[in-house]
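J.: pasting the structure only:
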């Protein structure tokens, strides 16, 4: 027997919905003039259906009461659970749909007799999950059920089918059959809808808890949410978010390629705002090259080189910095300490360091600049550096500082060649609740006009 289960449906969608409530609880501005989004999520109807779709074959004991008489027996539910999207311009609406039939063999205990019956009820039961500015709610949707009840036999309490009471009970059954069939259809639809709702409830609760924490973390990282809008068509569900990025313009959103089942699109303003909140005016140690690299990449990209090179590179840089016996500190600019500009299938990357300190001496800083191209392959997404890392004068220093010593510039070249590697491989993007179930083809990435996007298709 396979358990009648409908989760997960699309954890990402549920997660995004809770952002509205989080923003309201945190006292975010209301009535803000409409602005373009800088983070978008699109999920196809096919993806929802693939998450939910499953065959159901469930047998269970029946215990009920009809017209004051106890009913007992065995029921079996057979059918298919799918998901459909309901078009709406302002909400995300997903319907979990059960199509199948319920059969039962029951005995009704009446005064002096047992009534043995069988029933069959074709069903179409819909449970709606609605996501809007009020949060997430699960509601009963349109239902259909039509029961047919067949009388097996009626016996007296001692098993005598010819008892007078049995004959009277048979006439009563024929008079009340229509009411019994309507009642059975109504109860079967209600029980099926409630079961779907009960099984969706843990997913909605978990989404609320996770995103309350997640969006609080984003706000602490300098990304406060301003707006969140949903819309649904029969083909896809769309979420449009805008995070506060003061002073940063947002270019129009590039169109989405056809045939995508899950897409994440982010404008560079959101990324640069997060980088400014994290690194603006911050002083870090360059002696621990591995930590510097980890803080910079945050696990989103991995070294695309050979294993031996991965292990030895940072060790060599750390040794070089340790040779002079002092700690080397670098202080980032207050504004745009790290700036990313997404171009046609690539991006420019720039670090602005206002000063470098070795021991008691402080030297002028530098801008570290490079460019990467984005390549898609069957194995995933790769970032390939175009040319050497460039070092330019910083424009953020308020006072004149001594030039960097030659010894540092030699180590600097080695350090940033290692941190800004020639080739990166994009790490896996976690998709809560989906990764364990869905079989995606490797993702593809694209960039243009200040935007970067990741897209997945369901594997054939």
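T.: Thanks, I have the structure now. Quantities reported herein were computed from a predicted structural model and do not represent experimental measurements.
J.: can you count the residues close to residue 427?
T.: Other residues lying near residue 427 total 14 when counted by other C-beta atoms under 10 Å. From N, CA and C alone the C-beta is placed, and that goes for glycine too.
J.: Who are the contact partners of it?
T.: By C-beta atoms under 8 Å, 6 or more residues apart in numbering, the contact set of residue 427 is 299-302.
J.: Kindly report the same for residue 83.
T.: Counting by C-beta under 8 Å, 6+ apart, the residues that residue 83 touches are 9, 45, 48-49, 51-53, 94-97.
J.: What's opposite residue 242 in the beta bridge?
T.: Note on residue 242: beta-bridge partners by DSSP bridges are residue 227.
J.: And for it, the neighbour number?
T.: Neighbours of residue 242 using other C-beta under 10 Å come to 22.
J.: Please report how far it lies from residue 369.
T.: Using C-beta to C-beta, to the nearest Å, residue 242 is found at 29 Å from residue 369.
J.: and if you look at residue 266?
T.: The spacing between residue 266 and residue 369, counted by C-beta to C-beta, is 22 Å.
J.: And the helices in the chain, which stretches?
T.: 11-25, 45-52, 164-220, 268-279, 289-297, 307-322, 406-419 (DSSP state H).
J.: and residue 59, which of those is closest to it?
T.: Closest of these to residue 59 is helix 164-220, at 14.1 Å (criterion: C-beta to C-beta).
J.: Let me know the angle separating that closest one from helix 45-52.
T.: Relative orientation of helix 164-220 versus helix 45-52 (axes from the mean of the first three to the mean of the last three C-alpha atoms, to 10 degrees): 120 degrees.
J.: what mean pLDDT does helix 164-220 have?
T.: For helix 164-220, mean pLDDT is 83.
J.: and that helix, what other elements does it pack with?
T.: Where contact means 3 or more C-beta pairs under 8 Å, 6 or more residues apart in numbering; DSSP states H and E, helix 164-220 is packed against helix 11-25, strand 54-66, strand 92-110, strand 113-132, strand 135-145, strand 148-156, strand 225-232.
J.: got these as a markdown table, with mean neighbour count and mean pLDDT columns?
T.: Output for those, formatted as a markdown table (neighbours: other C-beta atoms under 10 Å; pLDDT from 0 to 100):
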| stretch | mean neighbour count | mean pLDDT |
| --- | --- | --- |
| helix 11-25 | 21 | 40 |
| strand 54-66 | 13 | 91 |
| strand 92-110 | 20 | 94 |
| strand 113-132 | 20 | 92 |
| strand 135-145 | 17 | 89 |
| strand 148-156 | 16 | 89 |
| strand 225-232 | 20 | 90 |
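J.: And for residue 35, the neighbour number?
T.: Neighbours of residue 35 under the rule other C-beta under 10 Å: 12.
J.: what pairs with residue 108 across the strands?
T.: Beta-bridge pairing for residue 108 (DSSP bridges): residue 71, residue 115.
J.: Please name the residues that touch it.
T.: Residue 108 is in contact with 66, 69-71, 114-115, 117, counting by C-beta under 8 Å, 6+ apart.
J.: Distance check, it against residue 266.
T.: If you go by C-beta to C-beta, the gap between residue 108 and residue 266 works out to 62 Å.
J.: Would you map out the domains in this structure?
T.: Listed domain ranges for the chain are 43-200, 271-426 (source: automatic domain parsing).
J.: Could you save those as CSV and add columns showing distance to residue 227?
T.: Listed next are the domains of the chain as CSV, based on distance: least, C-beta to C-beta, whole Å:
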stretch, distance to residue 227
domain 43-200, 10
domain 271-426, 15
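J.: Residue 460 is nearest to which of these?
T.: Closest of the domains of the chain to residue 460 is domain 43-200, at 11.9 Å (criterion: C-beta to C-beta).
J.: quick revisit: make TSV from the helices and strands packed on helix 164-220 and add distance to residue 197 to it.
T.: Below are the helices and strands packed on helix 164-220 laid out as TSV (distance: least, C-beta to C-beta, whole Å):
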stretch	distance to residue 197
helix 11-25	14
strand 54-66	16
strand 92-110	9
strand 113-132	6
strand 135-145	5
strand 148-156	27
strand 225-232	20
